[in-house]
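based on what follows, work out the 3D shape:
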Amino acid sequence: MITSASIKNANSFHWEGKRVRTLAKAASATAISAALLATLGTGSASAAPIDSGTFNVDVPSTGYTTGTVNFFNRSVQITGSVKSNTTGCASANFQIRRGSTWYFETRTACGRGPGSSKGFNFTVDFEGAGAADYVYVELWDTNQNSVGGQPVVNHAV
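Residues are numbered from 1 along each chain as shown. I've put the predicted structure just below:
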């Protein structure tokens, strides 16, 4: 037998159930929007890169830098490491070209030995659609002289 107390609880549960369904619909709409943005290629690191390449600039008297460049629509992601083989510093310099615009990044490691290697993982975001043409990776010695370099080209543009 149903009492008025159990009916009151049932009505309360029904109201809560309706609210949960509304939140589930909102969450579903948010998930669909996120999937659509990823499909359109916004350039987020979670999207697949449109192209990628590796670099390895090794100069025994100075050090080395090695890593990967991932090209996205609207950004470029660079991961790797730089190591100094001297008591001074070695710097990995990144010159990123997108059309007629240049972006510059530097990562530095100092000192000789196992602790002188420095890892990096960074992303350079661009305004508007379009990908970087290429990244020129250059190794500099402690006096900021270029001792070697290598281009990483985006073959998708």
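
where does the chain have low pLDDT?
For the chain, applying pLDDT under 70 flags the ranges 1-46, 114-115.

how does it divide into domains?
Domain assignment of the chain by automatic domain parsing yields the ranges 1-40, 51-153.

mind listing the strands for the protein?
For the chain, the strands defined by DSSP state E occupy 51-59, 63-72, 75-84, 89-98, 101-110, 117-125, 134-140, 146-153.

direction included, what does the last one pair against?
Looking back up the chat, that one is strand 146-153. Its sheet considered, strand 146-153 pairs with strand 134-140 (antiparallel) by DSSP bridges.

residues contacting the strand it pairs with, please?
When contacts are defined by CB atoms under 8 Å, 6 or more residues apart in numbering, strand 134-140 is touched by residues 55, 57, 59, 62-65, 67, 69, 76, 78, 82, 90-97, 146-154. Where you see a C-beta, it was placed from the backbone N, CA and C, and this is true even at glycine.

what's the PyMOL line that selects buried ones from those?
To isolate the buried ones among these in PyMOL, judged by 16 or more other CB atoms under 10 Å, type:
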select buried, resi 55+57+59+62+63+64+65+67+69+76+78+82+90+91+92+93+94+96+97+149+150+152+154
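
taking the domains of the chain together, which one is wrapped up most tightly?
Ranked by mean neighbour count under mean count of other CB atoms under 10 Å, the domains of the chain are led by domain 51-153, which reaches a mean of 17.

can you measure across it, start residue to end residue?
Taking CA to CA, to the nearest Å as the measure, domain 51-153 stretches 9 Å from start to finish.

now stretch 61-79
23 Å.

one more: stretch 68-78?
End-to-end distance of stretch 68-78: 6 Å, with CA to CA as the criterion.

other residues contacting it?
Stretch 68-78 has contacts (CB under 8 Å, 6+ apart) with 41-45, 47, 49-55, 67, 79-80, 94, 96, 105, 120-126, 128-132, 135, 137, 152, 154, 156-157.
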